[in-house]
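> okay, here's the prediction I keep looking at, along with the sequence it came from:
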Protein chains: 2
Amino acid sequence: MFTFADTDFSQLNSTLQELQPSKLFILVDENTHEYCLPTLLGSLETSVPYEILEIEPGEEMKTLNTAAQLWEILAEFEADRNAVLINLGGGVITDLGGFIASTYKRGIPFINIPTTLLGMCDASIGGKTGIDHGFIKNIIGTFAEPKLTLINPDFLRTLPFEQLRSGFAEMLKHGLIADRHHWSNLTSLPELNADMLLPHIKRSYEIKREVVKADFHEKNIRKTLNFGHTIGHAVESCFLAGGKPILHGEAVAMGMICETYLSALEGLITHDEAESVIRNIQKFFPQIEIEQSALQTLPELMKSDKKNSSGQINFSLLTGIGACGFNHNVSEENIYNALHYYQNLS
Amino acid sequence: MFTFADTDFSQLNSTLQELQPSKLFILVDENTHEYCLPTLLGSLETSVPYEILEIEPGEEMKTLNTAAQLWEILAEFEADRNAVLINLGGGVITDLGGFIASTYKRGIPFINIPTTLLGMCDASIGGKTGIDHGFIKNIIGTFAEPKLTLINPDFLRTLPFEQLRSGFAEMLKHGLIADRHHWSNLTSLPELNADMLLPHIKRSYEIKREVVKADFHEKNIRKTLNFGHTIGHAVESCFLAGGKPILHGEAVAMGMICETYLSALEGLITHDEAESVIRNIQKFFPQIEIEQSALQTLPELMKSDKKNSSGQINFSLLTGIGACGFNHNVSEENIYNALHYYQNLS
């Protein structure tokens, strides 16, 4: 179930009423502990005892090590199969918490309350959970649906600009792959702030949800959501391995630029269309500086991407502005061409 | 899908033909590597490249540490979502391998080829996967179905007596909870060897499968399969924590004796029935020596059992010979009574 704009948490309270948990666990990071948890606790109407599980913020925490600690804490607090985990945070918290919940005692119910723009219109929708391992993002994970995903737009106002922009990359993607009108609304925004973005979140959420509903296990159309992510994930893994993680949306913005260029190289869109898309992404996202030596490692990283098989790199590529295909096999030469094109952009 | 008595692996070959794997991985332990893998490889008709993943034998290997290594190896060999994992071994291999497969890249197909009696009539049926953590058995796991479970009875002949007897405990349980005739056939066996047991495996498998089919997620009747396991698992965890693991079936045999006595204490069966059941179990299973101090820790261990909620200990108890109820709340006093009864048996 999904509730949009539930500022008083009434849907959360009625879901808890239904689930009758034996105990509540609330997973937060230091930031959501400080900025979001008080709001949540102030609205929680339940006599069920709860425990707060806090982790440090950041993608670096989405590891097996953190997972092991969380499983242990649940066991120490004698969480049983009727315990409920509430994930209050961004994509790291919902990915990690969903994975913990879906594997602890073979699965306990969980609720996602995304607090970032990225979480609200992407990470918390679609039942993907996961942790990183060996610098590969989400290599361990499950498909598992939360009992409820609840969006409280008040949380957006607690976010720094870079976090808003990171989520905005996924919104742009939703427009690019499925809705030209959404794309044009978003790229016309004079600036990025919570109030400007709020009216557009619902459409992004709807696009993601429709695609996921049509193909939950990512056999076909769900793959279009990976537009920008084949290169984007590799870039993100590369910076993570180098000890200087960048935000998901920054990596995806670079990925979308490269993959838009690839779409033109492969003759799926015109060079004019590609240029217009790329110029619009550049309006919001500054160039990422990436060393030549790091660039060379990206295609290897792409091969370990979950979408790929038999050593071939499959891309989801634009077939128009607001349309996307998938399972495009691209030569390594063209991938390098796209990466070099990006490096020489100004 | 399930194939019984597939001595030439024809069903395996046709399943692989259907799945068209990008790569095969075969998980074995040192024993199944030596005694079972050559038979399997000799019958494998595929040009798909394969890798052997070997672990040491024993429950002590069913850890997060082993899981981490296996995930890493799959990633190193660039296993994609079309890779297939074949689990060739006992319950440790199928539990661990199923967990790895169901969480690597959010799930790749897997095939179970149980090589122990326990695996053939219990562990490999029913879609439960898991690893142990913090001395709690299967605390991390998933519900995931193999594409094929294949039973080759030839493997039974490679098993030492203790392993056969360990699996026999689960067969006895199937009779006790669901089929008086099966129970009486089994308890009439003059001795335990592969040839004596073979004719009865199918019935045990059928009982387990029917129960699982009726209630995959263990909301009600599947709980009857836990008869003997509430105390049995605690005993097993206790010996594992003490560094002297005992075989699953030995722990379950002790658990069944205690829980049969409990069934009589709770007035669900007569004391005469209980005595007859207990005498028959004792014919095959010697007494387990357990120290008084260890005995005191068992109820705490039971509380962390996955079947329990809100700190109460739920038992599945016999309501006859061949019939079982579930969700019986038993007082801690009666649990101690049952444990002391066992200690004083001769």
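The structure has been received and is ready for your questions.

> and the strand or helix carrying residue A:341, does that touch chain B?
Secondary structure from DSSP states H and E places residue A:341 in helix A:332-343. No. Remark: helix A:332-343 sits outside contact range of chain B, by Cβ under 8 Å from any Cβ of the partner chain, the gap being at least 15.1 Å. Any C-beta I mention is one placed from the backbone N, CA and C, and that applies to glycine too.

> just the residues contacting that helix, thanks.
With Cβ atoms under 8 Å, 6 or more residues apart in numbering or on different chains as the contact definition, helix A:332-343 has outside contacts at A:231, A:254, A:257-259, A:261-262, A:265-266, A:290, A:295, A:298-299, A:302, A:313.

> just how off-centre is that helix within its chain?
Centroid separation for helix A:332-343 versus its chain: 25 Å, with Cα atoms, centre = their mean, to the nearest Å.

> ditto for stretch A:221-231
Centre-to-centre, stretch A:221-231 and its host chain are 12 Å apart (Cα atoms, centre = their mean).

> put the alpha carbons of it into PDB.
The C-alpha coordinates for stretch A:221-231 follow below in PDB (Å, rounded to 0.1, in the frame of the first residue of the first chain):
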ATOM      1  CA  ILE A 221       9.700  -3.200 -19.400                       C
ATOM      2  CA  ARG A 222      11.000  -2.600 -15.800                       C
ATOM      3  CA  LYS A 223      14.500  -2.600 -17.400                       C
ATOM      4  CA  THR A 224      13.700   0.800 -18.900                       C
ATOM      5  CA  LEU A 225      14.100   2.200 -15.300                       C
ATOM      6  CA  ASN A 226      17.700   1.400 -15.700                       C
ATOM      7  CA  PHE A 227      18.200   4.100 -18.300                       C
ATOM      8  CA  GLY A 228      21.300   6.100 -17.100                       C
ATOM      9  CA  HIS A 229      22.100   3.400 -14.500                       C
ATOM     10  CA  THR A 230      24.400   1.000 -16.400                       C
ATOM     11  CA  ILE A 231      27.000   3.700 -16.700                       C
END
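
> just give the nearest non-adjacent residue to the most centrally placed residue in chain A, would you?
The residue lying closest to the centre of chain A (Cα atoms, centre = their mean) is residue A:123, at 3.4 Å. Spatial nearest neighbour of residue A:123, excluding adjacent residues (Cβ to Cβ, 6 or more residues apart in numbering or on different chains): residue A:91 at 3.3 Å.

> burial check on the one you found, number of neighbours?
20 (other Cβ atoms under 10 Å in any protein chain shown).

> so which bits of stretch A:338-346 are buried?
Of the residues in stretch A:338-346, A:338, A:339, A:341, A:342 count as buried by neighbour count, 16 or more other Cβ atoms under 10 Å in any protein chain shown.

> return the member of those nearest to chain B.
Among those, residue A:339 lies closest to chain B (Cβ to the nearest Cβ), at 20.8 Å.

> who wins for neighbours among the contacts of helix A:332-343?
Neighbour tally across those (other Cβ under 10 Å): the maximum, 31 neighbours, falls on residue A:259.

> give the contact list for that residue.
A:227, A:228, A:230, A:231, A:315, A:316, A:317, A:318, A:338.

> narrow these to those in strands?
If you go by DSSP state E, the contacts of residue A:259 have A:315, A:316, A:317, A:318 in strands.

> what's the most distant pair in those residues?
Maximum pairwise distance among those (Cβ to Cβ): 10.0 Å, between A:315 and A:318.

> neighbour count: these two, which is higher?
Neighbour count, other Cβ under 10 Å: between residue A:315 and residue A:318, residue A:315 has more, with 29 against 26.

> isn't that one up against residue A:261?
No. Judged on Cβ atoms under 8 Å, residue A:315 makes no contact with residue A:261 at a distance of 11.5 Å.

> tell me the secondary structure at the residue lying closest to residue A:97 once chain neighbours are set aside.
Excluding the flanking residues, the one nearest residue A:97 by Cβ to Cβ, 6+ apart is residue A:87, at 3.4 Å. Under DSSP: H, G, I helix; E, B strand; the rest coil, the three-state class of residue A:87 is strand.

> quote the end-to-end distance of stretch A:113-123.
The straight-line separation of the ends of stretch A:113-123 (Cα to Cα, to the nearest Å) is 11 Å.

> partners of the residue nearest to residue A:97 in the sheet?
Counting by DSSP bridges, residue A:87 is bridged to residue A:27, residue A:112.

> for residue A:50, same thing?
residue A:24.

> OK, contacts around it?
By Cβ under 8 Å, 6+ apart, the residues touching residue A:50 are A:23, A:24, A:25, A:26, A:44.

> please tell me how far it sits from chain B.
As judged by Cβ to the nearest Cβ, to the nearest Å, residue A:50 and chain B stand 15 Å apart.

> pull up the distance across stretch A:234-249, start to finish.
Using Cα to Cα, one end of stretch A:234-249 lies 13 Å from the other.

> can you tell me what sits against that stretch?
Stretch A:234-249 is contacted by residues A:58-60, A:91, A:118, A:132, A:135-137, A:162-163, A:165-170, A:232, A:251, A:254-255, A:285, A:288, A:290, A:294, A:297-299, A:301-302, A:305 when judged by Cβ under 8 Å, 6+ apart.

> show me which of those are buried.
Neighbour counting over the contacts of stretch A:234-249 (16+ other Cβ under 10 Å) leaves A:59, A:91, A:118, A:132, A:136-137, A:163, A:165-170, A:232, A:251, A:254-255, A:285, A:290, A:294, A:298-299, A:301-302, A:305 as the buried ones.

> filter these down to the ones in helices?
If you go by DSSP state H, those have A:91, A:118, A:163, A:165-170, A:232, A:251, A:254-255, A:294, A:298-299, A:301-302 in helices.

> is it true that residue A:182 touches residue A:175?
Yes. Applying Cβ under 8 Å as the test, residue A:182 and residue A:175 come out as touching, 3.9 Å apart.

> quick one: contacts for the nearest residue to residue A:17 once chain neighbours are set aside?
Among residues not flanking residue A:17 along the chain, residue A:46 sits closest, at 7.8 Å (Cβ to Cβ, 6+ apart). Counting by Cβ under 8 Å, 6+ apart, residue A:46 makes contact with A:13, A:16, A:17, A:24.

> can you list these in a markdown table and add secondary structure, pLDDT and neighbour count?
Output for these, formatted as a markdown table (DSSP: H, G, I helix; E, B strand; the rest coil; pLDDT from 0 to 100; neighbours: other Cβ atoms under 10 Å in any protein chain shown):
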| residue | secondary structure | pLDDT | neighbour count |
| --- | --- | --- | --- |
| A:13 | helix | 95 | 15 |
| A:16 | helix | 96 | 22 |
| A:17 | helix | 95 | 11 |
| A:24 | strand | 98 | 20 |
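
> the longest helix in chain A is where?
Using DSSP H, we find that the single longest helix of chain A is helix A:194-214.

> pull out the buried positions in that one.
A:194, A:197, A:200, A:201, A:203, A:204, A:205, A:206, A:207, A:208, A:211, A:212.

> go on, stretch A:65-77?
Buried, per 16+ other Cβ under 10 Å, within stretch A:65-77: A:66, A:67, A:68, A:70, A:71, A:74, A:75.

> can the one helix or strand the fifth one maps to be said to contact chain B?
In other words, residue A:71. Per DSSP H and E, residue A:71 falls inside helix A:64-76. Yes. Helix A:64-76 comes into contact with chain B (Cβ under 8 Å from any Cβ), by way of A:64, A:68, A:71, A:72, A:75.

> now do the SS call for the residue of chain A most remote from its centre.
Within chain A, residue A:47 marks the point farthest from the mean C-alpha position, 32.9 Å out by Cα atoms, centre = their mean. Per three-state DSSP, the secondary structure class of residue A:47 is coil.

> sorry, back to before: burial count for the residue nearest to residue A:97?
The number of residues packed near residue A:87 is 31, by other Cβ under 10 Å.

> sketch out the low-pLDDT regions of chain A for me.
A:1-6, A:306-311 (pLDDT under 70).
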